[in-house]
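> Take this sequence and fold it.
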Amino acid sequence: MVKKTKKKSQKKTLKKKKTNIFNRRSKTKTRPKTKSKSKNKIKKFDIKNSADLQERILILSVDRDNDIGRKLNVSGPIIGFKNNLKLATQLILKDPEESDANCIFGALKKYNELKKDYLVEVASLTGHSKENNFFSDKNIIDQLQKVLKKYPASAIVFVSDGAEDDQIIPIIQNYLPVISKETVIVRQAKHIESIFYTIKKALKDPIFARIIFGVPAIILLLLFFIGTKYTFQILTLVFGSFFLIKGFNLEPKISNFLKHTSEKLSIKKISFPFYLAGVFLLIFTLVTGINLYINNSSFVLLERIVYVIRAVLLYFVLCLVSFIIGNIIDLFYFKELYKLGRSLFSLISIFVFSAILDLALQLIINKTNYSVFIYTIIVSTILLYLVHMITKIFDVTNQITELFIGIPVVSKYGMWLGEVVDIDKQKQYIKYKTRSSNNYKAISKGHFIYNNGRIII
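Now for the predicted structure:
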């Protein structure tokens, strides 16, 4: 009996093992079947949630006149919600009246509205300056290309603060379609910026400006020379000069001259006495000329003008010479001798042209003959040519010299990069110190040019 029970138990265990082996085999066989079933299953496809087919929108804010760069020393592109939020906050704290900050906040608001339904990114681009629209637009396009490399958008939502920034839209449309435009303007100033921009643009048009300002300027100045009452003459002189400046767009030149003069007139400089003498001589020239014109009313108008110009010409020449001598002293003091050739040429040119002008005035009132005048012009031309050849010694445009040390280094778009600290004549390269990271970079001769006292990369 015991043997039978043992045999039965052995048979049962063998059956169990067989069934276990069979089950294992069946499991291994059924696995690929389940995989094939899962492959053949069709998932529900939601177009709205598909990143591949979803439209990628770039919300773009543009600061064409580079207020951001001037006020925060930040250059574009500024990409991302957090970066733009930080930028707008810093800008509004720096200048609460800055419209570009409101424009960036408007772009961020649009970002929050569209991010639920689309793939969205926000970016801010900066230009250059109001005076140079070419560099502004070039900077903006270069920055847009950088943004599109990081975020390949399919369309743009353009956010601006007025009519001036809208001028960049046709250029942007060469790269991507602008499907929407938002204008962020302070409510109480609605339409004012667009109207102001239109009037300002019209006044900058040379033909329109000459009609509006130039013609009244000429009439008032003629009334000054023909008028008899001093009060009326002074008024016409003031208003005539104002309209003349506005009509022929002389404001930038005058402002640059006054800025340059104010920088030169510093008591700390060795050249201060020469600049001060130049200012007094200029005032003396103007006052003397006006007095001579008023007190010699018996002369014919043409002879009267010639007499006054010849009388004050020497004082005016001394005024210019005094300024140039002061400038030459500054060149030695600030180690800017690469400009010395230009100053020496200007000094000689003043004497030459004053002599030609004096002879021309004498020719008008028949006090000299044409042969003397022509002979003077020929001699003056030869003299100026010789002076030009001599002053080319200081020309550093085609060579690398120690005169480069201390010169600012800028990009081709006018952005300041650093300052030259060292040169190598043998290897023909310059070394400059960067502004942001204080690192040193070397540039070979073929990769930069010298222009107007700057190294342009």
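> dump the residue contacts of the closest residue to Y118 other than its chain neighbours.
Excluding its sequence neighbours, the residue lying closest to Y118 (Cβ to Cβ, 6 or more residues apart in numbering) is I57, at 5.1 Å. For every residue, glycine as well, the C-beta is placed using N, CA and C. By Cβ atoms under 8 Å, 6 or more residues apart in numbering, the residues touching I57 are L114, Y118, L119, V120, E121, A153, S154, A155, I156, V157, I179.
> for the fifth one, phi and psi?
Pointing back at E121 there. For E121, the backbone dihedrals (degrees, to the nearest 10) come out as phi -140, psi 150.
> Now for the nearest residue to it once chain neighbours are set aside: which residues touch it?
Nearest residue to E121 in three dimensions, chain neighbours excluded: Y151, at 4.6 Å (Cβ to Cβ, 6+ apart). Applying Cβ under 8 Å, 6+ apart, we find Y151 in contact with R56, L58, I79, E121, A123.
> same thing but 10 Å
Listed by Cβ atoms under 10 Å, 6 or more residues apart in numbering, the contact partners of Y151 are R56, I57, L58, I79, G80, L119, V120, E121, V122, A123.
> hang on, the fifth one packs against A107?
To tie it back to what came earlier, the one meant is G80. No: the pair G80 and A107 fails to qualify as a contact (Cβ atoms under 10 Å) at a distance of 11.6 Å.
> Who has more neighbours out of those two?
Between G80 and A107, counted using other Cβ atoms under 10 Å, A107 has the larger neighbour count: 25 against 16.
> in what helix or strand does that one lie?
helix 99-114 (DSSP states H and E).
> What are the buried residues along that helix?
Buried residues in helix 99-114, counting neighbours by 16 or more other Cβ atoms under 10 Å, are found at 99-108, 110-111, 114.
> Tell me where the model's unsure across the stretch 351-457 of the chain.
Under the criterion pLDDT under 70, the flagged ranges of the stretch 351-457 of the chain are 393-399, 403, 413-415, 435-437, 452-453.
> rerun at 50
Counting by pLDDT under 50, the stretch 351-457 of the chain contains no low-confidence range.
> Pull out the buried members of the contacts of I57.
L114, V120, E121, A153, I156, V157.
> The stretch 51-200 of the chain: strands as residue ranges?
56-63, 78-79, 119-126, 155-160, 178-183 (DSSP state E, counting those that start in this stretch).
> May I see the ones you listed arranged in TSV, with distance to I350 and mean pLDDT as well?
Shown next, in TSV, are the strands of the stretch 51-200 of the chain (distance: least, Cβ to Cβ, whole Å; pLDDT from 0 to 100):
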stretch	distance to I350	mean pLDDT
strand 56-63	43	88
strand 78-79	50	89
strand 119-126	42	90
strand 155-160	49	87
strand 178-183	53	81
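> Can you tell me which of those strands is most buried?
strand 56-63 (a mean of 25; mean count of other Cβ atoms under 10 Å).
> Now find how far off-centre that strand is within its chain.
21 Å (Cα atoms, centre = their mean, to the nearest Å).
> now that strand and strand 155-160, what's the angle there?
20 degrees (axes from the mean of the first three to the mean of the last three Cα atoms, to 10 degrees).
> and the angle from strand 56-63 to strand 119-126?
Using the same axes, to 10 degrees: strand 56-63 against strand 119-126 is 20 degrees.
> Please name the residues that touch L286.
Residues in contact with L286 (Cβ under 10 Å, 6+ apart) are V312, Y315, F316, C319.
> re the thing from before, do you know which of the strands of the stretch 51-200 of the chain lies nearest I405?
Among the strands of the stretch 51-200 of the chain, the nearest to I405 by Cβ to Cβ is strand 119-126 (30.9 Å).
> so what strands line up beside that closest one?
strand 56-63 (parallel), strand 78-79 (antiparallel) (DSSP bridges).
> how near is the residue nearest to E121 to I59?
11 Å (Cβ to Cβ, to the nearest Å).
> shared neighbours of the two, anything?
Joint contacts of Y151 and I59 (Cβ under 10 Å, 6+ apart) are V120, E121, V122, A123.
> So which of those residues is the closest to F243?
A123 (44.2 Å).
> correct me, but that closest one touches L58?
Yes: A123 lies in contact with L58 (Cβ under 10 Å); the separation is 6.4 Å.
> which ones are touching the nearest residue to T434 once chain neighbours are set aside?
Closest residue to T434 apart from its sequence neighbours, by Cβ to Cβ, 6+ apart: G418 at 4.5 Å. Contact analysis of G418 by Cβ under 10 Å, 6+ apart lists 408-410, 431-441, 455, 457.
> Run through the helices of the stretch 101-250 of the chain in chain order.
Under the criterion DSSP state H, counting those that start in this stretch, the stretch 101-250 of the chain contains helices at 133-150, 163-166, 169-172, 192-204, 206-209, 215-226, 230-247.
> These: lowest mean pLDDT?
Mean pLDDT across those is lowest at helix 192-204; the value there is a mean of 60.
> Past the host helix or strand of I324, which element shows up next along the chain?
Secondary structure from DSSP H and E places I324 in helix 301-333. Using DSSP H and E, the helix or strand that follows helix 301-333 in sequence is helix 340-364.
> what does the helix or strand following that following helix contact?
Next helix or strand after helix 340-364 toward the C-terminus (DSSP H and E): helix 370-391. Residues outside helix 370-391 that contact it (Cβ under 10 Å, 6+ apart): 340-349, 351-353, 355-356, 358-360, 362-363, 368-369, 395.
> same check, this time on stretch 348-364
302-303, 305-307, 309-310, 313-314, 316-321, 323-324, 367-370, 372-377, 379-381, 383-384, 386-388, 390-391.
> Run the chain-centre distance for it.
39 Å.
> Using PDB, write out the CA atom coordinates for it.
Extracted in PDB, the C-alpha atoms of stretch 348-364 (Å, rounded to 0.1, in the frame of the first residue of the first chain):
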ATOM      1  CA  ILE A 348      46.900 125.400 -43.100                       C
ATOM      2  CA  SER A 349      43.500 125.200 -45.000                       C
ATOM      3  CA  ILE A 350      42.100 128.000 -42.900                       C
ATOM      4  CA  PHE A 351      44.800 130.500 -44.000                       C
ATOM      5  CA  VAL A 352      44.600 129.400 -47.600                       C
ATOM      6  CA  PHE A 353      40.800 129.700 -47.900                       C
ATOM      7  CA  SER A 354      40.700 133.000 -46.000                       C
ATOM      8  CA  ALA A 355      43.200 134.400 -48.500                       C
ATOM      9  CA  ILE A 356      41.100 133.100 -51.400                       C
ATOM     10  CA  LEU A 357      38.000 134.500 -49.900                       C
ATOM     11  CA  ASP A 358      39.500 137.900 -49.300                       C
ATOM     12  CA  LEU A 359      40.700 138.100 -52.900                       C
ATOM     13  CA  ALA A 360      37.200 137.000 -54.100                       C
ATOM     14  CA  LEU A 361      35.600 139.800 -52.100                       C
ATOM     15  CA  GLN A 362      38.100 142.300 -53.600                       C
ATOM     16  CA  LEU A 363      37.300 141.000 -57.000                       C
ATOM     17  CA  ILE A 364      33.500 141.700 -56.400                       C
END
